[in-house]
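Asker: need a 3D model of the sequence below.
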Amino acid sequence: MRLISRGAGRPTGLDASSAIRPTPDEVAEFERLDATAPLDETGCPAWSFEGEPLTACERRWLELYRKLENFERLAKTCGRGR
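Answerer: Here you go, the predicted structure:
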């Protein structure tokens, strides 16, 4: 799958799988964040009743979680077409 990026005003090819693939550092960071309790600095739950993360660590966890989930979904979709 190829995406078109418009860097510096001209289209360039970009491999979608490498563009969204989490790096080993991101996977390690996600695993570290995932192992910690979702608490804020005062020991209270770090999620609002609306379901949004309240701390920077929880926001980063959610960002990495979504990236991993999207990559897995894309990998499964690409694997079915072959």
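Asker: which stretches in this protein count as helices?
Answerer: Along the chain, counting by DSSP state H, helices occupy 16-20, 24-35, 56-80.
Asker: nearest to residue 43, out of those helices?
Answerer: helix 56-80 (13.8 Å; Cβ to Cβ). All C-beta spots, glycine's among them, are computed from the backbone N, C-alpha and C.
Asker: returning to what we had before: export the helices of the chain to TSV and tack on mean neighbour count?
Answerer: Output for the helices of the chain, formatted as TSV (neighbours: other Cβ atoms under 10 Å):
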stretch	mean neighbour count
helix 16-20	12
helix 24-35	12
helix 56-80	13
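Asker: turn those into TSV, including distance to residue 48 and mean pLDDT.
Answerer: Output for the helices of the chain, formatted as TSV (distance: least, Cβ to Cβ, whole Å; pLDDT from 0 to 100):
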stretch	distance to residue 48	mean pLDDT
helix 16-20	28	57
helix 24-35	18	92
helix 56-80	10	87
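Asker: could I get those helices as TSV with distance to residue 50?
Answerer: Formatted as TSV, the helices of the chain follow (distance: least, Cβ to Cβ, whole Å):
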stretch	distance to residue 50
helix 16-20	27
helix 24-35	21
helix 56-80	13
